[in-house]
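> Kindly return the folded structure for what I paste below:
(chains A and B)
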Amino acid sequence: MLVRCIFESNSSEVEGLWSIIDPETNISTLDEILDKWNDPEYMIEYCTQNLADLRLELKDQLLEPEEIADELINEAERLEDLLRWYASGDDYRSLQQVFRPLNNKEDALVELQLSKARLKNHPYPPVLRIYAVRIAENAYVATGGAIKLTHYMDERMETEEQLKKLKQVRSRLKDQGICFPEDLNAE
Amino acid sequence: MMNLKDKIKQITVESDSSWIDQANTRAANRGARKNARKIALRVLAELKKQNISQGDLAERMSVSRQQVSKIIKGQENFTLETIDKLESALGISLITVHLSQKRDTSPTTWSETEHAALKLLDTANTLMSFTVPIFANALYYKEMYYIFNNHVFDTMRFNVDALTIVRLAAEFDDSDEKKTKAKAALGKTIFELA
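Residues are numbered from 1 along each chain as shown, chains lettered A, B, ... in the order given. Here you go, the predicted structure:
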């Protein structure tokens, strides 16, 4: 498994964001998902196909697919702004404020923790997720992303696949010796 | 023994991601892109509703398929001529120009101050995603009164943002540490505007 650096700090610590690469396209999965989320054609198609679930999740039965697509692209822009903010500065210490443990109830840091990034405040409940495996205190390997429309990831194929991918990447990182638990809880 | 940095390097490909350049371009042109995207979404919705293919639309507009592709990807930098062709081809109205100087709630006729206020709101919303209440407070005292008085929210569905801003303003923490962090985060932009 190969990864591509999305951004990295200049310090001696491992801090920053990497992404796995799609072996067929040689494109990072993070680039791929952010491109999709910024594409009106892809988003309106997605919204048309998943209209009922999206209306339920966004708590608004009146929205049309094009309106929901617009909202979701707005959300993607804000999520991207968040990453740009971290990419442009040296404050990688707080990257862990964007990527949180996948399980909301999990507060301890564990080795190769499955994590997610999402907006915290948004006019609608945020549904976009970027998934990543944590490799050090403020270092993550992104595995992909999804529009999350159910409470549990295994309730929909889209998020179930992402969960599988997260676990696969964690396992491969472990196989490749990228497993340094002593880094995680260090202050 | 290899450290973590070396191990990551070992599995990292040489070529860096182009994401940051693309994201910066997207952000730099956000105003124009937002409008292009809204037109793209409206056109896509109409194509589906009227059962018209992209090829048919190209023919009706007498433009290439590539140009239609750019339009529906939200990448077209529209001329009035293209908008006119789109409106005629689909029988819809995409933009309206107001001749009156009366207050108008349409985004196309907002004053510079209103644009600045909305830019602040947009930025604040992004920042609130990672909780920096100081911006909300700055907005509340300097701009919110103006915005509310001009009923911008009535038409733009910013009401939820506004409520969030007011709520966060109540939790305002005027510590130097937050101010410094906030300034570092956004450079001069928000402070100059606010």
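
> all helices for chain A, in order.
For chain A, applying DSSP state H gives helices covering A:29-37, A:40-49, A:51-57, A:65-88, A:95-98, A:157-175, A:181-184.

> Spit out the contact partners of residue B:72.
A:40, A:41, B:40, B:43, B:44, B:47, B:54 (Cβ atoms under 8 Å, 6 or more residues apart in numbering or on different chains). In this view, the C-beta of every residue, glycine as well, is placed from N, C-alpha and C.

> Tell me, what's the model's pLDDT at the last one?
You'll see residue B:54 listed with a pLDDT of 96.

> ok, now the fourth one?
We have a pLDDT of 97 for residue B:43.

> Give me the distance between residue A:22 and chain B.
For residue A:22, the distance to chain B equals 12 Å [Cβ to the nearest Cβ, to the nearest Å].

> One more: residue A:43?
The value you get for residue A:43 to chain B, if Cβ to the nearest Cβ is used, is 8 Å.

> circling back to that earlier point, out of the contacts of residue B:72, which two sit at the greatest distance?
Maximum pairwise distance among the contacts of residue B:72 (Cβ to Cβ): 12.9 Å, between A:40 and B:54.

> So between these two, which is more surrounded?
residue A:40 (25 against 16; other Cβ atoms under 10 Å in any protein chain shown).

> Contact partners for that one?
A:69, A:73, B:37, B:40, B:41, B:44, B:72, B:73, B:74.

> nearest to residue A:118, of these?
Of those, the one sitting nearest to residue A:118 (Cβ to Cβ) turns out to be residue A:73, at 15.5 Å.

> Number of residues surrounding residue 67?
The chain I'm using is chain A. Around residue A:67 there are 18 residues (other Cβ under 10 Å).

> Not quite, go with chain B.
14.

> for the host helix or strand of it, which positions count as buried?
Assigning secondary structure by DSSP states H and E places residue B:67 in helix B:65-72. By neighbour count on 16 or more other Cβ atoms under 10 Å in any protein chain shown, the buried set for helix B:65-72 is B:68, B:70, B:71, B:72.

> what are the ranges of the helices in chain B?
So, for chain B - with DSSP H - the helices run B:4-11, B:19-28, B:30-50, B:54-61, B:65-72, B:80-90, B:112-128, B:133-139, B:145-149, B:152-156, B:159-170, B:176-186, B:189-193.

> Could you list the low-pLDDT ranges of chain A?
A:89-93, A:121, A:180-187 (pLDDT under 70).

> now, among the contacts of residue B:72, which is nearest to residue A:59?
residue A:40 (23.2 Å).

> and the residue nearest to the spatial centre of chain A, what is it in contact with?
In chain A, the C-alpha closest to the average C-alpha coordinate belongs to residue A:130, at a distance of 1.0 Å (Cα atoms, centre = their mean). By Cβ under 8 Å, 6+ apart, residue A:130 lies in contact with A:30, A:33, A:79, A:99, A:116, A:117, A:118, A:142, A:144, A:145.

> Swap in 7 Å and give it another go.
For residue A:130, the contacting residues are A:30, A:33, A:116, A:117, A:142, A:145, by Cβ atoms under 7 Å, 6 or more residues apart in numbering or on different chains.

> give me the subset of those touching chain B.
residue A:30 (Cβ under 7 Å from any Cβ of the partner chain).

> Compare the contacts of residue A:130 and tell me which is most surrounded.
residue A:142 (28 neighbours).

> what pairs with that residue across the strands?
residue A:19, residue A:132 (DSSP bridges).

> what stretches of chain B score poorly on pLDDT?
B:1, B:101-194.

> Please repeat the previous calculation with a cut-off of 90.
B:1-11, B:13-32, B:95-194 (pLDDT under 90).
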